[in-house]
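Colleague: Could you work out the structure for the sequence below:
(chains A and B)
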Amino acid sequence: MTSDIKILVVDANPIRAAIIEEGLREAGFGAIVQVSETKGLVAAIGQHDPDVVVIDLENPSRDALADMFQVSRHVRRPITMFVDQSDAAQIEAAVEAGVSAYIVDGLRKERLKPILQTCISRFNAFAKLREELDEVRSQLDDRKLVDRAKGIVMRLKGLGEDEAYALMRRTAMNEKRKLADIARSIITAAEVLK
Amino acid sequence: MTLRLRIGFMPLVDAALLVAAADTGIAETHGLALELVRDVSWSNLRDRLHVRLLDAAHMLAPAAIASTLGIGGVTAPMAAPILLNLNGNALTLSLRRFEEMARVATGDLADPLVSARALATLVSARKASGLPPLAFAAVFGFSCHTYLLRDWMALGGVRLGEDVRLEIVPPVRTVEALASGEVDGFCAGAPWNTLAVEAGVGAILHCGVDLIPDLPEKVLAWRADDVERRGEAVTRLNAALIEASGWVSDDANWPSLARLLAAPDRLAAPAALIEAILRGDIIQGGGRPARQVPSYIRFDAAAIRPDPAHADRLLAAMGRAGQVVVTPDLTERARAVFGPLLMESAER
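Modeller: Down below sits the predicted model:
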C-alpha cells in the first residue's frame, strides 16, 4: 500500500537525496519531490504543498526554511518542526544523523515516525558510505607508501620483494605500529640519508 | 580535573570571546578544555544544544528567548548566564538602492530619520509605477537584525513585511543575494557588511549602534535544565569568558585576536578586515570615507553582564514586529533567560 503523504526532500547532495528517495519509496511513500537548490524552495513548497519537509543540516538555508513555516506567509497550512512531535530518542538520532523534518500541523505523530526513521537510517548509511570511501582512499595511499618503502628496503638490503615485505611486517609487529607508519619512517630515513 | 566542553558557534566576529577563551589558553587556566564546533545555521545550534551534542552554543539573544518561550514552532528552553557581545550589526544597501536613496534624501543620509524617509519615498514611487516591492534580508526571524530593520523603517512609516518584503538569508549568502539583486539590502553581523562593501556590491547605510544602541546581540546559551545541573561547568566557563572579555577589550591584543578569528576553522576571513572591525574602522562604500564607530561591537565586562532588562527590550521589539503578544507571564519567563546569579558566582 502506498501512503498518500507528500514528502519534500531538500538536499544539496544529489546522491544522498536519491538514496533517501529510494528508501522512502521502499517504505511505501510514493509522493516524493526532491529539491536541491534552496533558491526555488519557496516556490516548490507553494507548488507541491507537502505534508512533510525533510532537510539536511549541512544546508545553511535551514534558518530560511524554518522562518518560512513560522510566519506561514508561503505555506497554506501551518507547519511545525518535528522536535515537538516525536520522542526524545528519535530527535537525538535525527540530529546526530544530520537531518531535520518539518511537518504539517495535525499530521499524527505515528505517521511521521516511519518517515523520519527511514531518513535517519539512510543518512547514516550515506555517512558510512562516505567514511568507507575515505577509508578506501587512505588505504590506497597507504599501499603506495608501503610499495615505495619496500623498494627502498630491497635496494638497500639486497632483498627480494617478499623478504623485504616480511621484514617490514615483522618490524611493525615488534614495534606495535601500523605497516604504513613503518613505511613512512623508512621513506623519511631514506630521504634524510640520501 | 579538567572539564571538556563542546561549544557550537557561527563564523562571526562576535564569536570572539569563545575563540579567545579556546585559542589563547585562557580556558585551560580555568580548568576547561574547549572544543569549538563551527555550524551553518542557528536552527542547528539550537537543536544540537537541545539533544546535548553541544554543551553550550553561540546564540542570537532573541532566538534564545523565542526558543525558551516556544514561539516559532519549537520549544527548547535555554538559559544565558553570560552575554557574548552588544551591537556589531550594520544595515547594508545594494549600491543601486543607495544611490537612489541618496538622490531623494532631504538631508544627511547618515541620519536614520532622513534615510527612513528616503526609503519611504522609494517605496511609494515603486508602488506608483507598479514595480515589485523592495526586499530586505535578515539572517534569522528572531534576531536583532529583524528588529533593527523594522524599527528603522518605521521611522519613515514603512512597514517591514508589508510595504517591504522580509527575506531570511543565511549570512554566507548575504553578499551574493545583494549582488544578484535578490535583495535590496540586508542587516547582519560582522564581517558580512564589510565583506559586501569590499566586494563592491554594497554600501553600509547605518551601523546597529546608530539605530538602537547597546542591543544584546549574542549570548552563550545552555539548556535551561543544564545550568543548575552543571553549575561547576557553567561557573568555570563564565569565569573564562570574563577573562577573555578583558583580553579582547585590550586594543593591544586586536592584531592577535584578528589572526585567531581569521583561521580557516574559525571565520576563514582576512585578518586585516577583522582587525579593522575590532578597531571600529568601518568602511562604508558608496564613495564615502571609512568611519570611526565607537562601540561598533562591545565585548567589555559591562557588555557581557546578563540583565533581565535585556529581555524586556527584546520582548518589546518582538512585540512590535508582531512575533509575540507580550504578557506578564511571557515577560517573566523571558527575564529568567538572563539570570545574573551565575555571573555573580563566577566573578567571586
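Colleague: Domain ranges for chain A, per the record?
Modeller: A:7-131, A:135-193 (automatic domain parsing).
Colleague: Give me the distance from the last one to the chain's centre.
Modeller: What that stands for is domain A:135-193. 33 Å (C-alpha atoms, centre = their mean, to the nearest Å).
Colleague: For that domain, measure first residue to last.
Modeller: 32 Å (C-alpha to C-alpha, to the nearest Å).
Colleague: Please list the residues of the stretch 51-200 of chain B that sit near chain A.
Modeller: Taking C-beta under 8 Å from any C-beta of the partner chain as the criterion, the neighbours of chain A within the stretch 51-200 of chain B are B:51-53, B:72-76, B:139-141, B:167-173. Yep, even glycine has a C-beta here, placed from its N, CA and C like the rest.
Colleague: what about burial for the residues you listed, which qualify?
Modeller: For these, a burial check counting by 16 or more other C-beta atoms under 10 Å in any protein chain shown picks out B:51, B:72-74, B:76, B:139-141, B:167-173.
Colleague: Kindly indicate which of those residues lies nearest B:Ala244.
Modeller: Closest approach to B:Ala244 among these (C-beta to C-beta): B:Pro171, at 22.6 Å.
Colleague: Could you double-check that the closest one lies in contact with B:Phe186?
Modeller: No - at 9.2 Å, B:Pro171 does not count as touching B:Phe186 under the criterion of C-beta atoms under 8 Å.
Colleague: Now do the shared contacts for the two.
Modeller: Residues touching both B:Pro171 and B:Phe186 (C-beta atoms under 8 Å, 6 or more residues apart in numbering or on different chains) are B:139, B:192.
Colleague: residues in contact with A:Gly160?
Modeller: Contacts of A:Gly160 (C-beta under 8 Å, 6+ apart): A:Met154.
Colleague: measure it to B:Ala321 for me?
Modeller: 79 Å (C-beta to C-beta, to the nearest Å).
Colleague: now A:Asn59
Modeller: 25 Å.
Colleague: With mean pLDDT added, can I get the domains of chain A in JSON lines?
Modeller: Converted to JSON lines, those look like this (pLDDT from 0 to 100):
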{"stretch": "domain A:7-131", "mean pLDDT": "82"}
{"stretch": "domain A:135-193", "mean pLDDT": "92"}
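Colleague: if you compare these, which one is most tucked away?
Modeller: The highest average neighbour count among the domains of chain A, using mean count of other C-beta atoms under 10 Å in any protein chain shown, belongs to domain A:7-131 at a mean of 18.
Colleague: Narrow the residues of the stretch 51-200 of chain B next to chain A to those in strands?
Modeller: Residues of these located in strands (DSSP state E): B:167-168.
Colleague: tell me which element B:Val248 is part of?
Modeller: Assigned by DSSP states H and E, B:Val248 falls within helix B:231-249.
Colleague: what about the helix or strand following that helix, distance to the chain center?
Modeller: Next along the chain after helix B:231-249, taking DSSP H and E as the criterion, comes helix B:254-262. Centroid separation for helix B:254-262 versus its chain: 19 Å, with C-alpha atoms, centre = their mean.
Colleague: For the domains of chain A, could you give me TSV that also reports distance to B:Arg291?
Modeller: Output for these, formatted as TSV (distance: least, C-beta to C-beta, whole Å):
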stretch	distance to B:Arg291
domain A:7-131	30
domain A:135-193	50
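Colleague: what's the closest of those to B:Asp250?
Modeller: Nearest of the domains of chain A (C-beta to C-beta): domain A:7-131, 33.4 Å.
Colleague: Can you pull the poorly scored residue ranges out of chain B?
Modeller: Residue ranges of chain B with pLDDT under 70: B:340-348.
Colleague: Starting from the top strand by length along it, tell me which strands it pairs with and how they run.
Modeller: The residue-count maximum for a strand in chain B (DSSP E) belongs to strand B:78-87. Strand B:78-87 pairs in its sheet with strand B:216-223 (antiparallel), strand B:297-298 (antiparallel), by DSSP bridges.
Colleague: most packed of the ones you listed?
Modeller: Greatest burial across these, using mean count of other C-beta under 10 Å, falls to strand B:216-223, with a mean of 27.
Colleague: Distance from the following helix or strand past it to the middle of the chain?
Modeller: The C-terminal neighbour of strand B:216-223 among helices and strands, as given by DSSP H and E, is helix B:224-229. The chain centre lies 25 Å from the centre of helix B:224-229; the measure is C-alpha atoms, centre = their mean.
Colleague: I'd assumed A:Ser185 was in contact with A:Met168.
Modeller: No - using C-beta under 8 Å as the test, A:Met168 is too far from A:Ser185 to be in contact (10.0 Å).
Colleague: where exactly do the helices run in the stretch 1-150 of chain B?
Modeller: B:16-23, B:26-29, B:42-50, B:61-69, B:95-104, B:112-128, B:144-155 (DSSP state H, counting those that start in this stretch).
Colleague: how about the helices in chain A?
Modeller: A:14-26, A:41-48, A:62-71, A:88-97, A:109-157, A:161-174, A:179-193 (DSSP state H).
Colleague: Is it possible to get TSV of those that adds distance to chain B?
Modeller: Below are the helices of chain A laid out as TSV (distance: least, C-beta to the nearest C-beta, whole Å):
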stretch	distance to chain B
helix A:14-26	16
helix A:41-48	9
helix A:62-71	4
helix A:88-97	4
helix A:109-157	13
helix A:161-174	32
helix A:179-193	25
